[in-house]
Each structure stands twice: as C-alpha cells, then as structure tokens.
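Colleague: take a look and give me a structure for this.
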Amino acid sequence: RAPLAFGREPPPLSRAILVTGTGGDVEPFSAISQRLLREGPRVRRSSHAERRDFVESNGLEFYPLGGGPRELIAYMVRSGGKLLPTRVDQTQEDVPKKRQMLVESIETPWGACTEKDPERPDAKPFAADAVISNPPTYGHIHVAEALRIPLQIVFTMPWTPTRAFPHAMANLDFESGRDLKNWLSYGVVDALTWAGTSDLVGRFRDRLGLPRLRMGQGPGLLNDATVPFCYLWSPSLVPRPDDWGDHVDVADFVFFEQEGEFEPPEDLVGFLDVGDPPIYVGFGSCVIEDPEGLTRTIFDALFAAGKRGVVSAGLGGLGSKAPPEHVHLVGEVAHDWLFPRCAAVCHHGGAGTTATGLRAGRPTVVVPFFGDQPFWGAMVARAGAGPVSYT
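Modeller: Down below sits the predicted model:
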C-alpha cells in the first residue's frame, strides 16, 4: 500500500477509461471497469458511440469517443495492413477520412474527462482524477498533462520498444535473431504516426494551453515520460521481455465473462448436439472484400476435411447464402460458451479471441488481416498451439 498522507486514506478517485478499437480491444476493459467500480466512486468508460448499449448494460457510465473501428479496419485491409497508403486512390480518398478520425480520437478524450454525457440530459457532471487508456486513443497524455492527473496505459499488444519482437504494426516477420531491427521498428512506427498527427496534436495542445512539442519529443512521448504500461496477456504465452523497464508490467489475459448470462439459440444447441464437435470459423470485426468468395472457400474446406463447422457472419458478412448441412451460421455468440464445445477454432487472431480459444484448450488456426493479428498468430505457433499463420 502507498504511504498515507496525514494518516488518512486516499480519497476515492473518479476514473476515466478511454478505449479505441474493436470488440476484442474494448471487452477486457469492461471487466477492469467493473472491478474498479467496486472501489468507487465513479468509473466512466469512453469508447466509440456504437459501444454505448454494451457499456451501459454493464452498469457503467459512458461517454462517446470520436472515430469508429469499421472505417479504420476497412482502411487497413485495403492497404494490406500498412500505416501509409500504397496507391494514389488511397491517398486521395482514404487519407482525408483517416485524418478526420484522428482529429476526433485526439480531441474527444478531453470531453470524456471533463464533460457531462452529451446524450444523457440528466447526467451528472464529471471530472476525472485519473486516466486509464489504450495507446490508439491519442489524446490521453495531453489531457492528463493539462489536468495534471495520472495516466496509466493498458493494452493487449506490445507498444514498448523491445528486442524480443517487432512492433505489431511494422509488418516485419517474427523470426529470431533480429534484435536490433525489432527494437528500431517501434521508433519507426512512432515516427510515422507522429508525421501524420503532429499538426493535429499541436492544435489540440494550443486549445489546452500546453506548449507545443518539438519534433524530437512527439514520437516517443509515452516512453520518454516513463508512463506506466500494463499489458494484458499471459506471461506463460509471451514472457515479459528482459529489456523492459520497471514501469512496464505484464499482468495476464483479462476475460469479460459472458457464459453465465448467454442464452444460446436453440438451433445452435441442436446443431452441436447431433454430431461431432465442429470447427469454429470467424473473423470478427474484420472487413472482407469478397465475402461470398471467402464463404465458398470455408464451406469447401470444411467439406474436404470431413468436418462440421460453425461459421460466424461477423462484420465481414460471411454466409450470405444458405449453408450446406455440415455448416451452421451464427451471429454474435459468446466465445467463452462456444469454444469449449468446438474441436478447433479458426479466426483472425484478435487478442481477445485468441485468448479465449487458448483458454478453452483448442487448437488455434490464425488467419491474420492486419494490426496485432500476425503477432498473435506467431505467438500461437511459437507455443505449439497452432500452425504458422500467413497474411
């Protein structure tokens, strides 16, 4: 316990939790939020507007952050997972849209920490005493600096320079013996991100009354300021790198338990009861350019393997046509309920989906699209829990 000032308990803190990303990025913070709420007095979860119902249904306050995961995912799929556009049409069409999303991601955390919920007229005023955020919610450190309150970064993928493996957004492979290249990849990704956001961050800091950052300050601001990091994965799967400082922790996977409250559809239960455990196939929030073609591939692969399958439509819209008898289509389903009832799982390699499949003890086939998904595919293969994945 921290030493008590003047013999008193520290006052309870109102915490703002800022999370940008897909469902797998957001859900662990629901479990964290509920745990913090028991210590009171207030925990506000801020994320994309489409997550409001989910957050409020778990008894938490909400504030909408700008941007949206679907647009960003679609851009990353079109660019082959690259941060920078590779075609002229992407430069003309995607870059202006992405910059607008970045403006919203940088600026809306201020309201999340200082303002009432704009969609709840009876909401109480809110003032954050501490900020918990994942890195892609780019305004976090500037808001914390302006309010002079602590900042804690929590994430499901590595963001701190290390020689152990490359930055997940650097599009490098995970072969061993590339220590220097791995370590440099973090600085390269930070520099590229800063090049596209420095003017936006500068204007935001002007509004907050903060001094502008020099070119050398911006890219490595989180690391140079020794902001504490906590990573949400099991060290038995990915050991904590030896070259990380004491301000970096590796906790464990955090699961938002849904099995106890999930009511499975009767047709799904019936399908599971009448044959061998199926193979689960689903790609979550990933945007798929040819959903009909991929659906045919999945159906044909399951038939060729002589296996039954449960295929999740996801945001990619798989399974638009009637499936064959050996396949059952599902919409949203609690993975912690379904995966233990499957023979194996095949998915995009999102952090949450990967953790749930491994927790269920199921062989895992990762088909990565972008972002941290190749990283998790490599870690699964390294652990012997699935085959080597290819983008």
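Colleague: what about the protein, any weak spots by pLDDT?
Modeller: Applying pLDDT under 70 to the chain flags residues 1-10, 67-97, 259-260, 390-391.
Colleague: show me what the top strand by length along it is packed up against.
Modeller: Across the chain, the longest stretch assigned as strand under DSSP state E is strand 41-48. Judged by 3 or more CB pairs under 8 Å, 6 or more residues apart in numbering; DSSP states H and E, strand 41-48 is in contact with strand 13-18, helix 23-37, strand 61-65, helix 88-114. All C-beta atoms are positioned from the backbone trio N, CA, C, and that covers glycine.
Colleague: any idea which of these gets closest to Glu325?
Modeller: Among these, the nearest to Glu325 by CB to CB is helix 23-37 (30.0 Å).
Colleague: so which strand or helix has Ile153?
Modeller: Assigned by DSSP states H and E, Ile153 belongs to strand 151-155.
Colleague: quick check: buried residues in the longest strand of the chain?
Modeller: Using 16 or more other CB atoms under 10 Å as the test for burial, strand 41-48 gives Arg42, Val43, Arg44, Arg45, Ser46, Ser47, His48.
Colleague: now tabulate these in TSV and tack on distance to Pro121.
Modeller: Listed next are those as TSV, based on distance: CB to CB, whole Å:
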residue	distance to Pro121
Arg42	18
Val43	21
Arg44	17
Arg45	19
Ser46	18
Ser47	21
His48	21
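Colleague: roughly how far apart are Phe262 and Val269?
Modeller: Applying CB to CB, to the nearest Å, the value for Phe262 to Val269 is 11 Å.
Colleague: given the strand holding Ile153, what are its sheet partners and their directions?
Modeller: Strand pairing for strand 151-155, using DSSP bridges, gives strand 130-133 (parallel), strand 229-231 (parallel).
Colleague: hey, which of those is tucked in deepest?
Modeller: strand 130-133 (a mean of 23; mean count of other CB atoms under 10 Å).
Colleague: thought Leu13 was touching Asp129?
Modeller: Yes. Contact criterion CB atoms under 8 Å: Leu13 and Asp129 qualify, at 4.1 Å.
Colleague: so where does Asp249 fall, helix or strand?
Modeller: strand 248-250.
Colleague: who's in contact with that strand?
Modeller: Outside strand 248-250, the residues that touch it by CB atoms under 8 Å, 6 or more residues apart in numbering are Thr160, Pro228, Phe229, Cys230, Tyr231, Trp233, Pro235, Val238, Pro239, Arg240.
Colleague: swap the cut-off to 10 Å and go again
Modeller: Outside strand 248-250, the residues within contact range by CB atoms under 10 Å, 6 or more residues apart in numbering are 152-154, 158-160, 162, 223, 226-235, 237-241, 244.
Colleague: many thanks, we can stop here.
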